[in-house]
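> please work out how this folds:
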Amino acid sequence: MHTHDDPWFAQQAQITLERLWPRLEPALVGVSGAGRFRQRLDAQFPTLFRLLYQIYGDRYDFFYHLEQILLSAIRTAEAEQGVLHR
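Numbering: from 1, shown residues only. I've put the predicted structure just below:
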């Protein structure tokens, strides 16, 4: 098992985000805070990846769960945008 400070996590987080981004980007079309969301995602993703890896580990559906969590975060950001601009 990898330790929390293992460089493997940073490398795998980067690879995973690069693979996920094309699937996430369409959900951000029309969201005014899309750029900020991406900046925050880039900054926080390594930590999120490490924590979720500790939960899901080597499960075959890890990538699916990670994608669903991020899509949920996008929907939440979009909904909050609507509430804040009313």
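
> all contacts plus neighbour counts: C-alpha atoms, from now on.
Fine.

> low-confidence ranges in the protein?
1-4, 82-86 (pLDDT under 70).

> closest to the centroid, which residue in it?
The chain has residue 70 as the residue nearest its centroid, 4.4 Å off, counting by CA atoms, centre = their mean.

> which ones are touching that residue?
Shown in contact with residue 70 (CA atoms under 8 Å, 6 or more residues apart in numbering): residue 24.

> name the element it belongs to?
helix 62-84 (DSSP states H and E).

> and that helix, which residues are buried?
66, 67, 70, 71, 74, 77, 78 (16 or more other CA atoms under 10 Å).

> how about the contacts made by the last one?
Same thing as residue 78. Residue 78 touches residue 31, counting by CA under 8 Å, 6+ apart.

> hang on, the earlier thing: roughly how far out does the helix holding residue 70 sit from the chain middle?
9 Å (CA atoms, centre = their mean, to the nearest Å).

> again, but for stretch 25-37
13 Å.

> now the end-to-end length of it.
11 Å (CA to CA, to the nearest Å).

> now the helices for the protein?
7-24, 34-56, 62-84 (DSSP state H).

> packing partners for the first one?
Secondary-structure packing of helix 7-24 (3 or more CA pairs under 8 Å, 6 or more residues apart in numbering; DSSP states H and E): helix 34-56, helix 62-84.

> which one of those helices lies nearest to residue 7?
helix 34-56 (10.5 Å; CA to CA).

> so which of the helices and strands packed on helix 7-24 gets nearest residue 19?
helix 62-84 (9.8 Å).

> starting at the chain centroid, how far to stretch 53-66?
Worked out by CA atoms, centre = their mean, stretch 53-66 lies 13 Å from the chain centre.

> outside of it, which residues touch it?
With CA under 8 Å, 6+ apart, stretch 53-66 has contacts from 49, 52.

> start to end distance for that stretch?
Stretch 53-66 end-to-end distance (CA to CA) = 9 Å.

> neighbours of residue 9, how many?
19 (other CA atoms under 10 Å).

> what number of residues lie near the spatially closest residue to it that is not a sequence neighbour?
Leaving aside its chain neighbours, residue 9 sits nearest to residue 50 (6.2 Å; criterion: CA to CA, 6 or more residues apart in numbering). Using other CA under 10 Å, residue 50 has 21 other residues around it.
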